[in-house]
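Enquirer: any chance you could fold what I've pasted below:
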Amino acid sequence: MRPIPTEFWRLALITVVTLLPAQIAWAHAQFTGSDPAADAILENAPVEIILTFSQPVTPVSVTLAGPDNAIVDTVGEPIANGERVSLPLTAPLDAGLYSVSYRVLSGDSHSISGEFRFSMSTSSVPVEDTAPKAMPETPTEPIAELPASPSVRDTVPSDTLEKTIRVAFVITVLLAVGLVIFRLTISLPESLDSWVVMLTRRTGRVGLVLAVFYFTVAMLTLTGIEGVRLSHLYVILQSSIGISLLVAAVGFLFLSISGRYERVVGGVGATILLASRVLTGHPASQEPIYVLVPAMVVHVATAGFWFASLWVLLRLLRKGPLADASQILGAFARIAVWSVSALLLVGITMATIHVKSVNALFVSAYGQLVLWKLGGAGGLLILAMVNKLWLTPDLLVRLDTRRLRTSIGVEAVLMFIVIAISTLLAATSPVEDANTPISQPEPAQISELNDTGDFELQVALSSTPYSETQPHTLTPAERLNALARADSFRPGGAP
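Expert: Alright, predicted model coming up:
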């Protein structure tokens, strides 16, 4: 018995080192509130701004824009503490309207972004400073409505490149996994087997490059070229997409090496690639995980086998040997019956879990993508039936490969489209989970109560089905600021 090559143990060590620090939060996160609250009018400056989410998040960027719409630089770095993200303030805030823009990563690598505003009625010291400060007797100037503050999303490049590289990466993963499964399940002649081994190694090397490129593009898409910092590298590494890419890179490393034990090493690499696909996206965040995770493994394995088989069969029909075509096509057809059945079963199961209702198929973006995917899968099934029932028997009689090659080529192109749609599905929030605030209160409304100048502050509470009124006598400075804000709620600023 020959000893296991040192390359195997080296790669196994890399796998262990990569997986040990993995910390993943299996959840979609939602913005649930802030302190100061949205549209709050403050007398005392806060010492920090706190954002709260439904699940633990990792902050990418939190910025504060001041009354002149310029970024306030007297703030520290955002600090994550589970579901809370705090932005410390190092200096008091002047009077005016402020805008907070945020972008964070949830555990499943989906980004959540948004903004909210609050106002300072007067220049103030932080609330921790208890020294009495006299209220200015002269009214301050009304707070002018600010133009839309720049969101974090406005500072990043288009995500078209990120989507494109994601599709290319997923296609490479499917091809690599499928080639290994095809070679392990179907006996091939030496010339075709050597070609499959060569293609598998090249796919592994291309996958390594794409993993690094995808990681870089994902970070730049979130932060922008000018805003990227070394800390963002750690942010991405701790996210599920970063861990998934690291694991996939290890899998590609296994596939790219050569040796006597390449079937075993290739099997290990394919298994690692399968594992990488369940570390991010919906299987990593949706319930029931015990159904979605194995379903995704079966989905990737069967889809990869189908996709890779098209290229192996095209090579067989172009370069031969045609003498083995009957045996290879027959073996593939027998396995395809079971693999396609499993693919359809797990696909329908996952779609049912995510979409929830038939109506959601037509009214949600996720449901419409599912319909497009089902349409593409239907086209693939029709082509597969034509190949099996008509074109393959015709090939064995006439030994003319042109019609079957053309049909398989069309099937491969359609498979590209279905994979692209599936990749977009993985980046789209399911129907029941939109990244929208779920407990953000309605804006405050200011109205005049009587001729004496007293005002009441009406606040719509999202936790109750009615609005509560709390009388409050305003100071002269507060009165002018309240009137300025009330004008923004009246059409045309009418009194």
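
Enquirer: what about the helices in the protein?
Expert: 6-19, 160-185, 190-223, 230-238, 240-256, 262-277, 289-319, 325-355, 360-363, 365-386, 392-398, 402-426, 476-487 (DSSP state H).

Enquirer: those into TSV, with extra columns for distance to residue 48, mean neighbour count and mean pLDDT?
Expert: Every C-beta, even on glycine, is put in place using the N, C-alpha and C of the backbone. Output for these, formatted as TSV (distance: least, Cβ to Cβ, whole Å; neighbours: other Cβ atoms under 10 Å; pLDDT from 0 to 100):
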stretch	distance to residue 48	mean neighbour count	mean pLDDT
helix 6-19	36	14	46
helix 160-185	32	21	92
helix 190-223	22	18	90
helix 230-238	19	15	73
helix 240-256	28	24	91
helix 262-277	38	21	92
helix 289-319	35	20	92
helix 325-355	37	17	88
helix 360-363	40	14	83
helix 365-386	36	17	89
helix 392-398	69	13	80
helix 402-426	36	17	90
helix 476-487	23	19	48
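
Enquirer: which one of those helices lies nearest to residue 75?
Expert: Across the helices of the chain, residue 75 has its closest neighbour in helix 230-238 (14.9 Å, Cβ to Cβ).

Enquirer: re earlier: out of the helices of the chain, which is closest to residue 103?
Expert: Of all the helices of the chain, it is helix 190-223 that lies closest to residue 103, at 6.6 Å by Cβ to Cβ.

Enquirer: gap between the closest one and the chain center?
Expert: Its chain's average C-alpha position is 21 Å from that of helix 190-223, according to Cα atoms, centre = their mean, to the nearest Å.

Enquirer: repeat for stretch 95-109
Expert: 17 Å.

Enquirer: again, but for stretch 209-225
Expert: Distance of stretch 209-225 from the chain centroid (Cα atoms, centre = their mean) equals 13 Å.

Enquirer: picking up where we left off before, okay, the helices of the chain in TSV with distance to residue 106 next?
Expert: Converted to TSV, the helices of the chain look like this (distance: least, Cβ to Cβ, whole Å):
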stretch	distance to residue 106
helix 6-19	21
helix 160-185	17
helix 190-223	12
helix 230-238	12
helix 240-256	8
helix 262-277	18
helix 289-319	15
helix 325-355	16
helix 360-363	22
helix 365-386	16
helix 392-398	47
helix 402-426	14
helix 476-487	33
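
Enquirer: pretty sure residue 426 is touching residue 281, no?
Expert: Yes - the criterion here is Cβ atoms under 8 Å, and residue 426 meets it with residue 281 at 4.4 Å.

Enquirer: and this structure, split by domain according to the record?
Expert: Here the domain parsing of the chain from automatic domain parsing is 31-155, 445-493.

Enquirer: where among those domains is the average confidence lowest?
Expert: Mean pLDDT per stretch puts domain 445-493 lowest among the domains of the chain, at a mean of 44.

Enquirer: which non-adjacent residue is nearest residue 412?
Expert: Excluding its sequence neighbours, the residue lying closest to residue 412 (Cβ to Cβ, 6 or more residues apart in numbering) is residue 310, at 4.5 Å.

Enquirer: ok, residue 67 - how many residues close by?
Expert: As a burial measure, residue 67 scores 18 neighbours (other Cβ atoms under 10 Å).
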